[in-house]
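[1] coords please:
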Amino acid sequence: MALLELFFDLAFVFALTQLSRVLVSNLTWSGAYQTFVLLLALWWIWTVTAWLTNRLDPRRPAVQLVVLGTMIASLVMAAVLTDAFGERGLVFASVSAVLHLAVPLFLTVALPEPERRTAWRILVWSTGTAALWFAGGLTGGAIRGVLWTLAAALDYAAFTLRFPTPRLGRVTAPEWPVSAEHLAERHRQLFIIALGELILVTGLTSTRTDFTADRTTAFAASILSTVLFWRIYVHRAGELLDDAIAVAADPVRLTRPMALAHLTMVAGVVVTAVGDELVITHPVGHGHPTWVVVLLGGPALFVAGRALLEHTVFGRVSPDRPIALLTLLVLSAPLLFAPPLLATVAVAAVLAAIVLIDTRRAHRSPLRPATPRDT
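    Next comes the predicted model:
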(Lines give C-alpha, C1' and ligand atoms only; values in the text may rest on other atoms or scores of the structure.)
Protein backbone atom coordinates (compact mmCIF):
# COMPACT_ATOMS: atom_id res chain seq x y z
CA MET A 1 0.00 0.00 0.00
CA ALA A 2 1.30 3.45 -0.89
CA LEU A 3 2.42 5.70 1.93
CA LEU A 4 0.15 8.36 0.43
CA GLU A 5 -2.90 6.29 1.30
CA LEU A 6 -1.70 5.65 4.84
CA PHE A 7 -1.17 9.39 5.23
CA PHE A 8 -4.66 10.05 3.88
CA ASP A 9 -6.19 7.64 6.39
CA LEU A 10 -4.73 9.59 9.31
CA ALA A 11 -7.33 12.28 8.65
CA PHE A 12 -10.00 9.73 9.50
CA VAL A 13 -8.59 9.10 12.97
CA PHE A 14 -9.56 12.70 13.70
CA ALA A 15 -12.85 12.39 11.80
CA LEU A 16 -13.94 9.25 13.68
CA THR A 17 -12.94 10.84 16.99
CA GLN A 18 -15.12 13.81 16.12
CA LEU A 19 -18.01 11.48 15.32
CA SER A 20 -17.69 10.01 18.81
CA ARG A 21 -17.86 13.53 20.22
CA VAL A 22 -21.01 14.22 18.20
CA LEU A 23 -22.72 11.17 19.65
CA VAL A 24 -21.55 11.51 23.25
CA SER A 25 -22.78 15.12 23.32
CA ASN A 26 -26.26 14.09 22.17
CA LEU A 27 -27.08 10.61 23.44
CA THR A 28 -30.55 10.47 21.94
CA TRP A 29 -32.05 8.69 18.95
CA SER A 30 -31.88 11.99 17.11
CA GLY A 31 -28.20 12.30 17.98
CA ALA A 32 -27.52 8.75 16.83
CA TYR A 33 -29.32 9.43 13.57
CA GLN A 34 -27.33 12.60 12.92
CA THR A 35 -24.08 10.80 13.71
CA PHE A 36 -24.98 8.07 11.22
CA VAL A 37 -25.71 10.58 8.45
CA LEU A 38 -22.37 12.29 9.07
CA LEU A 39 -20.60 8.92 9.03
CA LEU A 40 -22.18 8.16 5.65
CA ALA A 41 -20.90 11.49 4.29
CA LEU A 42 -17.36 10.73 5.43
CA TRP A 43 -17.55 7.12 4.27
CA TRP A 44 -18.46 8.20 0.74
CA ILE A 45 -15.35 10.41 0.58
CA TRP A 46 -13.11 7.61 1.80
CA THR A 47 -14.68 5.10 -0.62
CA VAL A 48 -14.36 7.22 -3.74
CA THR A 49 -10.73 7.99 -2.83
CA ALA A 50 -10.02 4.29 -2.33
CA TRP A 51 -11.47 3.56 -5.78
CA LEU A 52 -9.32 6.36 -7.22
CA THR A 53 -6.08 4.88 -5.91
CA ASN A 54 -7.31 1.40 -6.86
CA ARG A 55 -7.34 2.39 -10.53
CA LEU A 56 -4.61 5.07 -10.71
CA ASP A 57 -0.95 4.99 -9.72
CA PRO A 58 -0.60 6.97 -6.44
CA ARG A 59 2.95 7.89 -7.47
CA ARG A 60 1.59 10.17 -10.20
CA PRO A 61 1.82 13.84 -9.13
CA ALA A 62 -1.74 14.58 -10.25
CA VAL A 63 -3.11 11.67 -8.21
CA GLN A 64 -1.11 12.77 -5.17
CA LEU A 65 -2.45 16.30 -5.51
CA VAL A 66 -6.06 15.09 -5.63
CA VAL A 67 -5.63 12.68 -2.69
CA LEU A 68 -3.91 15.33 -0.55
CA GLY A 69 -6.55 17.88 -1.48
CA THR A 70 -9.26 15.41 -0.50
CA MET A 71 -7.46 14.75 2.78
CA ILE A 72 -7.35 18.47 3.62
CA ALA A 73 -11.01 18.85 2.70
CA SER A 74 -11.85 15.87 4.92
CA LEU A 75 -10.03 17.51 7.82
CA VAL A 76 -12.10 20.66 7.31
CA MET A 77 -15.29 18.60 7.38
CA ALA A 78 -14.10 16.79 10.50
CA ALA A 79 -13.22 20.08 12.21
CA VAL A 80 -16.80 21.34 11.91
CA LEU A 81 -18.39 17.94 12.49
CA THR A 82 -19.58 18.62 16.03
CA ASP A 83 -21.64 21.57 14.76
CA ALA A 84 -22.53 20.20 11.32
CA PHE A 85 -26.24 20.23 12.21
CA GLY A 86 -25.82 23.70 13.67
CA GLU A 87 -24.20 26.93 12.55
CA ARG A 88 -21.33 25.28 10.66
CA GLY A 89 -23.54 23.10 8.51
CA LEU A 90 -22.93 25.20 5.41
CA VAL A 91 -19.15 24.71 5.72
CA PHE A 92 -19.57 20.95 6.04
CA ALA A 93 -22.04 20.77 3.15
CA SER A 94 -20.02 23.03 0.86
CA VAL A 95 -16.86 20.95 1.22
CA SER A 96 -18.85 17.75 0.71
CA ALA A 97 -20.45 19.17 -2.44
CA VAL A 98 -17.09 20.26 -3.85
CA LEU A 99 -15.63 16.78 -3.31
CA HIS A 100 -18.68 15.18 -4.92
CA LEU A 101 -17.89 17.15 -8.06
CA ALA A 102 -14.10 17.43 -8.04
CA VAL A 103 -13.06 13.80 -7.54
CA PRO A 104 -15.39 12.26 -10.18
CA LEU A 105 -14.47 15.08 -12.57
CA PHE A 106 -10.79 14.22 -12.15
CA LEU A 107 -11.60 10.56 -12.84
CA THR A 108 -13.29 11.47 -16.13
CA VAL A 109 -9.97 12.92 -17.28
CA ALA A 110 -7.49 10.53 -15.66
CA LEU A 111 -9.09 7.13 -16.32
CA PRO A 112 -8.64 5.32 -19.63
CA GLU A 113 -11.49 3.90 -21.67
CA PRO A 114 -13.73 2.04 -20.95
CA GLU A 115 -13.32 2.95 -17.26
CA ARG A 116 -13.89 6.61 -18.11
CA ARG A 117 -17.52 5.79 -18.81
CA THR A 118 -17.85 4.72 -15.18
CA ALA A 119 -16.42 8.07 -14.06
CA TRP A 120 -19.03 9.92 -16.12
CA ARG A 121 -21.80 7.88 -14.50
CA ILE A 122 -20.44 8.70 -11.04
CA LEU A 123 -20.21 12.38 -11.95
CA VAL A 124 -23.85 12.48 -13.11
CA TRP A 125 -25.09 11.01 -9.84
CA SER A 126 -22.67 13.02 -7.70
CA THR A 127 -23.83 16.27 -9.27
CA GLY A 128 -27.35 15.60 -8.05
CA THR A 129 -26.29 14.58 -4.55
CA ALA A 130 -23.86 17.51 -4.30
CA ALA A 131 -26.81 19.83 -4.86
CA LEU A 132 -28.71 18.11 -2.03
CA TRP A 133 -25.76 18.33 0.39
CA PHE A 134 -25.33 22.04 -0.41
CA ALA A 135 -29.07 22.76 -0.18
CA GLY A 136 -29.13 21.09 3.23
CA GLY A 137 -26.30 23.34 4.34
CA LEU A 138 -28.29 26.40 3.33
CA THR A 139 -31.27 25.29 5.40
CA GLY A 140 -31.47 24.08 8.97
CA GLY A 141 -33.40 21.95 11.43
CA ALA A 142 -35.49 19.08 10.14
CA ILE A 143 -35.21 20.19 6.51
CA ARG A 144 -31.41 19.85 6.66
CA GLY A 145 -31.78 16.36 8.06
CA VAL A 146 -34.18 15.36 5.30
CA LEU A 147 -32.02 16.75 2.49
CA TRP A 148 -28.81 15.21 3.83
CA THR A 149 -30.52 11.88 4.39
CA LEU A 150 -31.77 11.92 0.82
CA ALA A 151 -28.29 12.85 -0.44
CA ALA A 152 -26.66 9.99 1.47
CA ALA A 153 -29.36 7.55 0.37
CA LEU A 154 -28.84 8.47 -3.28
CA ASP A 155 -25.05 8.18 -2.94
CA TYR A 156 -25.31 4.61 -1.72
CA ALA A 157 -28.25 3.62 -3.90
CA ALA A 158 -26.25 4.69 -6.96
CA PHE A 159 -23.33 2.53 -5.87
CA THR A 160 -25.60 -0.44 -5.14
CA LEU A 161 -27.36 -0.14 -8.50
CA ARG A 162 -24.07 0.44 -10.37
CA PHE A 163 -24.79 4.05 -11.28
CA PRO A 164 -27.53 3.56 -13.89
CA THR A 165 -27.36 6.52 -16.27
CA PRO A 166 -29.39 7.43 -19.38
CA ARG A 167 -27.60 6.40 -22.60
CA LEU A 168 -24.72 4.89 -20.60
CA GLY A 169 -26.61 2.21 -18.70
CA ARG A 170 -25.16 0.51 -15.63
CA VAL A 171 -21.51 -0.13 -14.91
CA THR A 172 -20.25 -3.44 -16.31
CA ALA A 173 -17.35 -5.52 -15.02
CA PRO A 174 -14.94 -4.45 -17.83
CA GLU A 175 -15.73 -0.82 -17.04
CA TRP A 176 -14.93 -1.24 -13.35
CA PRO A 177 -11.88 -3.53 -12.96
CA VAL A 178 -10.82 -4.22 -9.39
CA SER A 179 -7.38 -4.68 -7.90
CA ALA A 180 -8.44 -7.19 -5.25
CA GLU A 181 -5.39 -7.06 -3.02
CA HIS A 182 -5.36 -3.25 -2.94
CA LEU A 183 -9.08 -2.83 -2.24
CA ALA A 184 -9.07 -5.45 0.50
CA GLU A 185 -6.01 -3.89 2.11
CA ARG A 186 -7.60 -0.42 2.03
CA HIS A 187 -10.66 -1.67 3.92
CA ARG A 188 -8.49 -3.56 6.40
CA GLN A 189 -6.42 -0.44 6.93
CA LEU A 190 -9.50 1.70 7.58
CA PHE A 191 -10.73 -0.73 10.21
CA ILE A 192 -7.35 -0.59 11.94
CA ILE A 193 -7.58 3.21 11.79
CA ALA A 194 -10.98 2.94 13.49
CA LEU A 195 -9.44 0.82 16.24
CA GLY A 196 -6.78 3.52 16.59
CA GLU A 197 -9.56 6.03 17.23
CA LEU A 198 -11.01 3.69 19.84
CA ILE A 199 -7.66 3.42 21.62
CA LEU A 200 -7.19 7.20 21.44
CA VAL A 201 -10.58 7.95 23.01
CA THR A 202 -10.09 5.30 25.68
CA GLY A 203 -6.62 6.54 26.56
CA LEU A 204 -7.50 10.23 26.62
CA THR A 205 -10.57 9.59 28.77
CA SER A 206 -8.44 7.63 31.24
CA THR A 207 -5.96 10.50 31.58
CA ARG A 208 -8.79 12.87 32.51
CA THR A 209 -10.02 10.72 35.42
CA ASP A 210 -8.60 9.56 38.74
CA PHE A 211 -6.87 6.18 38.78
CA THR A 212 -9.32 4.47 41.11
CA ALA A 213 -9.81 0.71 41.13
CA ASP A 214 -13.16 0.83 39.33
CA ARG A 215 -11.93 3.21 36.62
CA THR A 216 -8.77 1.18 36.12
CA THR A 217 -10.90 -1.94 35.71
CA ALA A 218 -13.10 -0.14 33.19
CA PHE A 219 -10.01 0.98 31.26
CA ALA A 220 -8.59 -2.56 31.24
CA ALA A 221 -11.89 -4.07 30.07
CA SER A 222 -12.17 -1.46 27.31
CA ILE A 223 -8.64 -2.13 26.04
CA LEU A 224 -9.29 -5.88 26.19
CA SER A 225 -12.42 -5.44 24.05
CA THR A 226 -10.38 -3.47 21.51
CA VAL A 227 -7.83 -6.27 21.28
CA LEU A 228 -10.66 -8.79 20.86
CA PHE A 229 -12.19 -6.66 18.09
CA TRP A 230 -8.90 -6.88 16.24
CA ARG A 231 -8.57 -10.62 16.78
CA ILE A 232 -12.12 -11.37 15.64
CA TYR A 233 -11.73 -9.15 12.58
CA VAL A 234 -8.49 -10.61 11.22
CA HIS A 235 -9.41 -14.25 11.84
CA ARG A 236 -9.86 -15.99 8.49
CA ALA A 237 -12.38 -13.75 6.71
CA GLY A 238 -10.18 -10.69 7.23
CA GLU A 239 -7.15 -12.62 6.01
CA LEU A 240 -8.84 -14.01 2.89
CA LEU A 241 -10.76 -10.91 1.82
CA ASP A 242 -8.49 -10.20 -1.15
CA ASP A 243 -8.67 -13.83 -2.30
CA ALA A 244 -12.48 -13.71 -2.19
CA ILE A 245 -12.56 -10.59 -4.37
CA ALA A 246 -10.00 -12.00 -6.81
CA VAL A 247 -11.84 -15.28 -7.44
CA ALA A 248 -15.38 -13.83 -7.47
CA ALA A 249 -17.32 -14.25 -10.69
CA ASP A 250 -18.33 -10.58 -10.39
CA PRO A 251 -15.83 -8.69 -8.17
CA VAL A 252 -17.77 -5.42 -8.34
CA ARG A 253 -20.86 -7.11 -7.00
CA LEU A 254 -18.88 -8.62 -4.13
CA THR A 255 -17.51 -5.24 -3.07
CA ARG A 256 -20.99 -4.03 -2.07
CA PRO A 257 -21.49 -6.37 0.90
CA MET A 258 -17.79 -5.98 1.72
CA ALA A 259 -18.19 -2.21 1.98
CA LEU A 260 -21.42 -2.54 3.99
CA ALA A 261 -19.72 -4.96 6.39
CA HIS A 262 -16.87 -2.54 7.05
CA LEU A 263 -19.22 0.43 7.38
CA THR A 264 -21.20 -1.50 10.01
CA MET A 265 -18.05 -2.52 11.89
CA VAL A 266 -16.65 1.03 11.87
CA ALA A 267 -20.00 2.35 13.11
CA GLY A 268 -19.78 -0.21 15.91
CA VAL A 269 -16.30 0.98 16.83
CA VAL A 270 -17.46 4.63 16.95
CA VAL A 271 -20.35 3.71 19.26
CA THR A 272 -18.01 1.56 21.38
CA ALA A 273 -15.67 4.54 21.79
CA VAL A 274 -18.57 6.50 23.24
CA GLY A 275 -19.35 3.62 25.58
CA ASP A 276 -15.73 3.43 26.73
CA GLU A 277 -15.74 7.14 27.52
CA LEU A 278 -18.94 6.79 29.55
CA VAL A 279 -17.87 3.75 31.54
CA ILE A 280 -14.37 5.02 32.35
CA THR A 281 -15.83 8.33 33.54
CA HIS A 282 -18.75 6.78 35.45
CA PRO A 283 -18.00 3.09 36.06
CA VAL A 284 -20.38 2.57 39.00
CA GLY A 285 -23.94 3.53 39.78
CA HIS A 286 -27.20 2.41 38.23
CA GLY A 287 -27.25 1.96 34.49
CA HIS A 288 -29.14 4.30 32.21
CA PRO A 289 -31.13 2.77 29.32
CA THR A 290 -29.30 4.92 26.77
CA TRP A 291 -25.94 3.92 28.21
CA VAL A 292 -26.85 0.23 28.01
CA VAL A 293 -27.81 0.67 24.35
CA VAL A 294 -24.43 2.26 23.66
CA LEU A 295 -22.36 -0.19 25.72
CA LEU A 296 -23.96 -3.25 24.12
CA GLY A 297 -24.99 -1.74 20.78
CA GLY A 298 -21.47 -0.83 19.66
CA PRO A 299 -20.08 -4.37 20.03
CA ALA A 300 -23.32 -5.76 18.56
CA LEU A 301 -22.85 -3.64 15.42
CA PHE A 302 -19.28 -4.88 15.14
CA VAL A 303 -20.30 -8.54 15.46
CA ALA A 304 -23.10 -8.05 12.91
CA GLY A 305 -20.71 -6.41 10.46
CA ARG A 306 -18.14 -9.14 10.99
CA ALA A 307 -20.81 -11.77 10.33
CA LEU A 308 -21.65 -10.05 7.04
CA LEU A 309 -17.95 -10.02 6.13
CA GLU A 310 -17.74 -13.75 6.83
CA HIS A 311 -20.77 -14.37 4.64
CA THR A 312 -19.21 -12.24 1.90
CA VAL A 313 -16.00 -14.30 1.92
CA PHE A 314 -17.28 -17.80 2.67
CA GLY A 315 -21.00 -17.70 1.89
CA ARG A 316 -21.86 -18.75 5.45
CA VAL A 317 -21.96 -17.38 9.00
CA SER A 318 -20.51 -19.18 12.02
CA PRO A 319 -23.22 -20.00 14.60
CA ASP A 320 -21.35 -18.18 17.37
CA ARG A 321 -22.01 -14.81 15.66
CA PRO A 322 -25.84 -14.83 15.95
CA ILE A 323 -25.51 -16.50 19.35
CA ALA A 324 -23.30 -13.62 20.52
CA LEU A 325 -25.82 -11.09 19.23
CA LEU A 326 -28.65 -12.91 21.01
CA THR A 327 -26.58 -13.02 24.21
CA LEU A 328 -26.00 -9.27 24.11
CA LEU A 329 -29.72 -8.73 23.58
CA VAL A 330 -30.65 -10.98 26.52
CA LEU A 331 -28.10 -9.24 28.76
CA SER A 332 -29.53 -5.81 28.01
CA ALA A 333 -32.48 -6.21 30.37
CA PRO A 334 -30.62 -7.15 33.59
CA LEU A 335 -27.81 -4.71 32.83
CA LEU A 336 -30.32 -1.88 33.08
CA PHE A 337 -30.09 -2.38 36.85
CA ALA A 338 -26.33 -2.95 37.01
CA PRO A 339 -23.38 -0.54 37.01
CA PRO A 340 -21.93 0.33 33.58
CA LEU A 341 -18.68 -1.41 34.50
CA LEU A 342 -20.49 -4.75 34.61
CA ALA A 343 -21.81 -4.19 31.07
CA THR A 344 -18.28 -3.57 29.80
CA VAL A 345 -17.00 -6.72 31.48
CA ALA A 346 -19.93 -8.71 30.05
CA VAL A 347 -19.14 -7.45 26.54
CA ALA A 348 -15.50 -8.45 26.92
CA ALA A 349 -16.61 -11.92 28.05
CA VAL A 350 -18.87 -12.36 24.99
CA LEU A 351 -16.10 -11.24 22.64
CA ALA A 352 -13.60 -13.53 24.37
CA ALA A 353 -15.99 -16.44 23.88
CA ILE A 354 -16.08 -15.72 20.12
CA VAL A 355 -12.27 -15.71 20.01
CA LEU A 356 -12.05 -19.01 21.89
CA ILE A 357 -14.59 -20.64 19.56
CA ASP A 358 -12.74 -19.30 16.51
CA THR A 359 -9.44 -20.62 17.84
CA ARG A 360 -10.89 -24.05 18.54
CA ARG A 361 -12.45 -24.20 15.07
CA ALA A 362 -9.16 -23.17 13.48
CA HIS A 363 -7.38 -26.10 15.14
CA ARG A 364 -9.98 -28.53 13.80
CA SER A 365 -10.01 -27.22 10.21
CA PRO A 366 -7.03 -25.51 8.54
CA LEU A 367 -7.38 -22.25 6.64
CA ARG A 368 -8.44 -22.82 3.02
CA PRO A 369 -8.41 -20.34 0.14
CA ALA A 370 -11.66 -18.63 -0.71
CA THR A 371 -13.66 -20.30 -3.49
CA PRO A 372 -15.37 -18.51 -6.39
CA ARG A 373 -18.80 -17.06 -5.56
CA ASP A 374 -21.49 -15.41 -7.63
CA THR A 375 -22.20 -12.75 -5.00
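[2] Can you give me the buried ones in stretch 202-216?
    For stretch 202-216, burial by neighbour count (16 or more other Cβ atoms under 10 Å) applies to 202, 205, 206, 209, 214, 215. C-beta here means a position set from N, CA and C on the backbone, and glycine is covered the same way.
[3] Pick the one among these closest to residue 321.
    Using Cβ to Cβ, residue 202 comes nearest to residue 321 of the buried residues of stretch 202-216, at 24.5 Å.
[4] Mind checking the pLDDT average for the one helix or strand the closest one maps to?
    Using DSSP states H and E, residue 202 falls within helix 180-207. For helix 180-207, mean pLDDT rounds to 91.
[5] Give the buried residues for stretch 82-91.
    82, 84, 85, 88, 89, 90, 91.
[6] right, and the last one touches residue 80 too?
    Yes. Counting by Cβ atoms under 8 Å, a contact exists between residue 91 and residue 80, whose distance comes to 4.9 Å.
[7] can you map out the helices along this protein?
    For the chain, the helices defined by DSSP state H occupy 3-24, 29-55, 61-79, 89-110, 115-138, 141-160, 180-207, 213-233, 241-247, 251-281, 289-314, 320-335, 340-364.
[8] Pull out the buried positions in the helix or strand of the chain at the bottom of the mean pLDDT ranking.
    None of the helices or strands of the chain scores lower by mean pLDDT, DSSP states H and E than helix 241-247, at a mean of 73. Across helix 241-247, burial judged by 16+ other Cβ under 10 Å covers 241, 242, 243, 244, 245, 246, 247.
[9] how about low-confidence regions in the stretch 151-300 of the chain?
    Residue ranges of the stretch 151-300 of the chain with pLDDT under 70: 238-239, 249, 287.
[10] ok, now with 80
    Within the stretch 151-300 of the chain, the ranges that satisfy pLDDT under 80 run 173-178, 180, 236-254, 285-287.
[11] for the stretch 1-150 of the chain, same thing?
    1-2.
[12] Centre of the chain to stretch 134-149, how far?
    23 Å (Cα atoms, centre = their mean, to the nearest Å).
[13] on that earlier part again, what's the closest of the buried residues of stretch 202-216 to residue 262?
    Nearest to residue 262 among the buried residues of stretch 202-216, with distances taken as Cβ to Cβ, is residue 202, at 21.1 Å.
[14] ok, now how distant is the closest one from residue 354?
    Going from residue 202 to residue 354 by Cβ to Cβ, to the nearest Å gives 20 Å.
[15] got it, and residue 161?
    Distance of residue 161 to residue 354, computed by Cβ to Cβ: 34 Å.
[16] Counting neighbours, go ahead and name the busier of the two.
    residue 354 (20 against 12; other Cβ atoms under 10 Å).
[17] coming back round to it: in JSON lines: the buried residues of helix 241-247, plus distance to residue 154.
    Converted to JSON lines, those look like this (distance: Cβ to Cβ, whole Å):
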{"residue": "241", "distance to residue 154": "27"}
{"residue": "242", "distance to residue 154": "30"}
{"residue": "243", "distance to residue 154": "33"}
{"residue": "244", "distance to residue 154": "28"}
{"residue": "245", "distance to residue 154": "26"}
{"residue": "246", "distance to residue 154": "30"}
{"residue": "247", "distance to residue 154": "32"}
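[18] Fine, thanks again, bye for now.
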